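J.: With the sequence up front, the predicted model follows.
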Amino acid sequence: MNSKKKFNSPWSLKFNTAALVLIPAAVGINYIGKLFSGMLHLPLWLDSIGTCLAACLAGPVLGALCGAINNIIYGLTMSPISTVYALSQAGIGIAVGLMAYYGKMKNTGGAIVTGILAGFAAVAISTPLNMMFWGGTTGNVWGDAAYAVCLANGMSAWMASTIDEIIVDVPDKLVTIVIVLGMYKSMPKSLLSLYQSNAKIESLD
């Protein structure tokens, strides 16, 4: 079943009970994904699945909130520097939430565009943070290998850092969004309708 969801405003700060319950669930999904990726040294972060799902269900504000909370908690418990990347997670939540609001999360093509946009939103926010705190590296072994190659070939640190982020963030967000699309489309219309009291869910069948 396909559905079309319209909110009165994508920037609404009014969250119903279902949306508030979604916050700890989304944060938990993010946290587990990041731990899993770190333990296996994957070339992906896998730390924004919950952020993107929340953004699709309840809008960009809640998505941004879930993403930011996740990084703050991870920073307090595992890696203090992760806290500053709450800004990146918030940007991802806003990008995905807006794309979902405008109907781009209804098919694979729209999801791919959403994933690319979310990836470049993360790149735009994270690269300056990488330069400020890490000298341009990301902390991901795959991306940082590309960073070293770029520097060795005479690129500036800014360019190398940007390429480092693109190599990790864009594929990561594409994989994340494809996962989220599968989760999102498998949810019944009755469940989707819980996340916005002012939402209209219209069948397109």
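T.: Yep, that arrived.

J.: only C-alpha atoms for contact and neighbour calcs from this point on.
T.: OK.

J.: Where does pLDDT dip in the chain?
T.: Along the chain, segments meeting pLDDT under 70 span 1-8, 196-205.

J.: switch the cut-off to 80
T.: 1-14, 196-205 (pLDDT under 80).

J.: Now the element after the longest helix seen in it, going C-ward?
T.: The residue-count maximum for a helix in the chain (DSSP state H) belongs to helix 157-186. Remark: after helix 157-186, the chain's next helix or strand is helix 189-192, criterion DSSP states H and E.

J.: May I have that following helix as PDB, with CA atoms only?
T.: The C-alpha trace of helix 189-192 is given here as PDB (Å, rounded to 0.1, in the frame of the first residue of the first chain):
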ATOM      1  CA  LYS A 189      -1.700   3.200   7.200                       C
ATOM      2  CA  SER A 190      -3.200   3.100  10.700                       C
ATOM      3  CA  LEU A 191       0.200   3.100  12.300                       C
ATOM      4  CA  LEU A 192       1.500   6.000  10.100                       C
END
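
J.: that older thread, same for the longest helix of the chain, what does it pack against?
T.: On a contact count with 3 or more CA pairs under 8 Å, 6 or more residues apart in numbering; DSSP states H and E, helix 157-186 meets helix 49-58, helix 108-134, helix 141-152.

J.: count of neighbours near residue 59?
T.: If you count neighbours by other CA atoms under 10 Å, residue 59 ends up with 31.

J.: same question, residue 172
T.: Counted with other CA under 10 Å, residues neighbouring residue 172 total 22.

J.: same thing with residue 188?
T.: Residue 188 has 12 nearby residues by other CA under 10 Å.
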